[in-house]
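J.: Below are the sequence and a predicted model for it; my questions follow.
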Amino acid sequence: MIRAYEAEAVRAAEAPLLASTATDELMKQAAFAVATEVLRELRRLGARRSGSTVLLLVGGGNNGGDALYAGGYLARRGLQVVAALCTDRPHERALAAARSAGVHVREVLDDAGRPRREELAVLADRAGVWVDGLTGIGARGGLREPLAGVVAALEDRRAAMPDEPTVVAVDVPSGLGTDDGTVPGPVLRADVTVTMGAAKPGLLVRPAEALAGRVVVVDIGLGPHLGEPALSRLTAADVADLLPAPVATDHKYTRGVLGLVAGSTTYPGAAVLAAAGALRTGLGMVRYLGPDAVTRLVHERFPEVVVGSGRVQAWALGSGIDPADDARAEEVRDTLQRALDDGVPAVLDAGALSLAPDRLAPTTVLAPHAGELARLLSARGEDTDRADVEAAPLAFARRAAARTGAVVLLKGPTTVVAAPGGTVLSQADGTPWLATAGTGDVLAGILGALLAVRGEDLAAGRDPDGALTAELAAAAALVHGRAGARAAGGGPVTALQVADAVPGVVAALLADR
Ligand SMILES: NC(=O)C1=CN([C@@H]2O[C@H](COP(=O)(O)OP(=O)(O)OC[C@H]3O[C@@H](n4cnc5c(N)ncnc54)[C@H](O)[C@@H]3O)[C@@H](O)[C@H]2O)[C@@H](O)CC1
Ligand SMILES: Nc1ncnc2c1ncn2[C@@H]1O[C@H](COP(=O)(O)OP(=O)(O)O)[C@@H](O)[C@H]1O
Ligand SMILES: [K+]
């Protein structure tokens, strides 16, 4: 599990360590890790960057201190290091250490405190690596001047350079929404982010995540002082632990039965895709409820699907259903109401999202994409649109979970899962090739299967804050993402191929357990 903590939590965890260690000890540890990554990048870049310098971009806080100490280590290794002071109050001890190690220091603000763009451009051009120590977790809101101007000037310069430098961010790329994952203004995009003590939410959710590059977490001993994470990301090992493999004594009813209300004469394929996602994930049985023509189509592909109602451990509702189709809408509403009354978990996709009652259960998962989430909230009196959701998916997923009392799985390039009890997860396991019709139906089936096989642990109020339900939703996103990547193999993929790749993904996860 990768655990991410907000700035305040990191600060609080740092406090006892700062009190018990020598002056700047933590900063030096952080700086050493930054220097190590810079050297790694330079080795990777090889001869192409020989003779180039390392440019330190130094702000007025401890983040700039980290960069200066890192520069000192690099200068002592014989590298040419230049510190561009973007503040009139750099960290004094770190600056002194950098100077005595041979770092060249340049002031890049004019007397009025504005960035000297030409000077900055010359320094930027000469450097193969930029170390971003402008702001870290002490920054509040979007970057203000002069740092906003510094970042804008550097981004302009980078765009004009034939050979882009490698940017190594200290702790977080400067300007990024550390806690909320937003991009509130100019951000210096990083290739590598060396983050201290623990990951931060903004490094794991979009749009900020996309500007952080490869994230390296440096252990500075905060572990025992950190509490509950603000956000987590499941690894393959976590997902393997969540997937129960069948045991010798299992039969189809103990493995879990999924009830599937999906597909319509307009969108019959959605039923096939959701059934495929569920069956390929592994469960006891799929019971299908739908029009005859759709049932025939499902049976052509999957004769093992059982038709008609009966006892189930979970429901998957809504894929390929038009909420304007009154009879079908009624069926979804009734089924959902019974599931809620009986405490049976359910995943609500596509058409079912707009049919959901105002309040749901923590074992109900809403699975919207950004546009559907905006509609869901707008229908509940919040005026939002897709662009708002895409700019702040973390906040919107949380808000929708709080508003509905359900787990919300917000689909996109990174999938954010929020539970009404506060658990939040984010998964980025897929490939952009998944942006193709029908892959969401497959995901609904995968998640439905996981809810069914873990039905015993979710039934009748056993997951009151939705924490396990949320983990299963994140696990489904990981399995789906990996199946997409495996099936695509770097090229296009169809939804059914994604489903067909799921057994291989599940087998690999279980084998590595
Ligand atoms: N406290 C410590 O000893 C340690 C600190 N660490 C480093 O310290 C950083 C946090 O240091 P600080 O608390 O000094 O904060 P930062 O260095 O993140 O930022 C504070 C500086 O940025 C300015 N600033 C704040 N918001 C701004 C905005 N919106 N636009 C422009 N300027 C803004 C402030 O005036 C101040 O000069 C971490 O990110 C990490 O890099 C780590 O090295 C671990 C140890
Ligand atoms: N750019 C992308 N990168 C990675 N995954 C993506 C991307 N775009 C979409 N996906 C994934 O593909 C699926 C699309 O689901 P959805 O939008 O419901 O499509 P549909 O309704 O056609 O099935 C989701 O699981 C989503 O997370
Ligand atoms: K930074």
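T.: Done, it's in. Ligands and ions are numbered 1, 2, ... in the order given.
J.: my guess is Leu260 contacts Val294, does it?
T.: No: if you go by C-beta atoms under 8 Å, Leu260 and Val294 don't touch, sitting 10.6 Å apart. Heads up, the C-betas are built off the backbone N, CA and C, glycines and all.
J.: Name the residues contacting each of the two.
T.: Residues within reach of Leu260 and of Val294 at once, by C-beta atoms under 8 Å, 6 or more residues apart in numbering, are Ala271.
J.: of the two, who's got more company?
T.: Neighbours were counted for Leu260 and for Val294 using other C-beta atoms under 10 Å; Leu260 has more, 26 against 23.
J.: wait, is the more buried one part of a strand?
T.: Yes: according to DSSP: H, G, I helix; E, B strand; the rest coil, the state of Leu260 is that of a strand.
J.: Find the closest residue to ligand 1 in the stretch 151-300 of the chain.
T.: Here the residue of the stretch 151-300 of the chain nearest ligand 1 is Asp171; by C-beta to the nearest ligand atom that distance is 3.6 Å.
J.: I'd like the distance between that residue and Gln29.
T.: The gap separating Asp171 from Gln29 is 13 Å, by C-beta to C-beta, to the nearest Å.
J.: Tell me which of the two has more neighbours.
T.: Applying other C-beta under 10 Å to Asp171 and Gln29 shows that Asp171 carries more neighbours, namely 29 against 20.
J.: and that one, what does it touch?
T.: Applying C-beta under 8 Å, 6+ apart to Asp171 gives the contacts Ala30, Asn63, Asp66, Gly136, Ile137, Thr193, Val194, Thr195, Met196, Lys200.
J.: and the residues you listed near ligand 3, which?
T.: Asn63 (C-beta under 5 Å from the ion).
J.: Could you spell out which stretches of this protein belong to which domain?
T.: Per automatic domain parsing, the domain ranges recorded for the chain read 2-231, 236-511.
J.: Which of those sits closest to ligand 2?
T.: Short answer: domain 236-511, nearest of the domains of the chain by C-beta to the nearest ligand atom, at 2.1 Å.
J.: Pull up the distance across that closest one, start to finish.
T.: End-to-end span of domain 236-511 (C-alpha to C-alpha, to the nearest Å): 11 Å.
J.: What's the nearest residue in the stretch 1-150 of the chain when you look at ligand 3?
T.: Asp132 (4.4 Å; C-beta to the ion).
J.: Tell me if I am right that that residue is in a strand.
T.: Yes: Asp132: assigned to a strand according to three-state DSSP.
J.: That one against Ala67, yeah?
T.: Yes: between Asp132 and Ala67 there is a contact under C-beta under 8 Å: 7.5 Å.
J.: Which neighbours do those two have in common?
T.: In contact with both Asp132 and Ala67: Leu57, Val170, using C-beta under 8 Å, 6+ apart.
J.: if you count what's nearby, which of these two comes out ahead?
T.: Neighbour comparison, Asp132 and Ala67: the larger count goes to Ala67, with 36 against 32 (by other C-beta under 10 Å).
J.: Check whether the more buried one really touches Gly133, as I assumed.
T.: Yes: counting by C-beta under 8 Å, Ala67 does reach Gly133; the two are 2.5 Å apart.
J.: about what we covered before: and the furthest pair within the contacts of Asp171?
T.: Taking every pair in the contacts of Asp171 and measuring C-beta to C-beta, the maximum separation is 14.7 Å, between Asp66 and Lys200.
J.: quick one: low-confidence parts of the chain?
T.: Counting by pLDDT under 70, the chain shows low-confidence ranges at 47-51.
J.: which parts of it sit against ligand 2?
T.: Counting by C-beta under 6 Å from any ligand atom, the residues of the chain close to ligand 2 are 350, 369, 411-413, 415, 430-432, 434-435, 437-441, 443, 480.
J.: how near is the residue lying closest to Arg486 once chain neighbours are set aside to Leu340?
T.: Once flanking residues are discounted, Arg486 sits nearest to Ala501: 4.5 Å by C-beta to C-beta, 6 or more residues apart in numbering. Distance, Ala501 to Leu340, by C-beta to C-beta: 33 Å.
J.: what about these two, which has more around it?
T.: It is Ala501, of Ala501 and Leu340, that has more neighbours when counted by other C-beta under 10 Å, with 23 against 18.
J.: who are the neighbours in contact with the more buried one?
T.: By C-beta under 8 Å, 6+ apart, Ala501 lies in contact with Arg482, Ala483, Gly484, Arg486, Ala487.
J.: Which pair in the residues you listed has the greatest spatial separation?
T.: Greatest spatial distance in these: Arg482 and Ala487, 9.5 Å, computed using C-beta to C-beta.
J.: which parts of the stretch 151-300 of the chain sit against ligand 1?
T.: Checking the stretch 151-300 of the chain against ligand 1 by C-beta under 6 Å from any ligand atom, the hits are Val170, Asp171, Met196, Ile220.
J.: Recalculate using a threshold of 5 Å.
T.: Taking C-beta under 5 Å from any ligand atom as the criterion, the stretch 151-300 of the chain approaches ligand 1 at residues Asp171, Met196.
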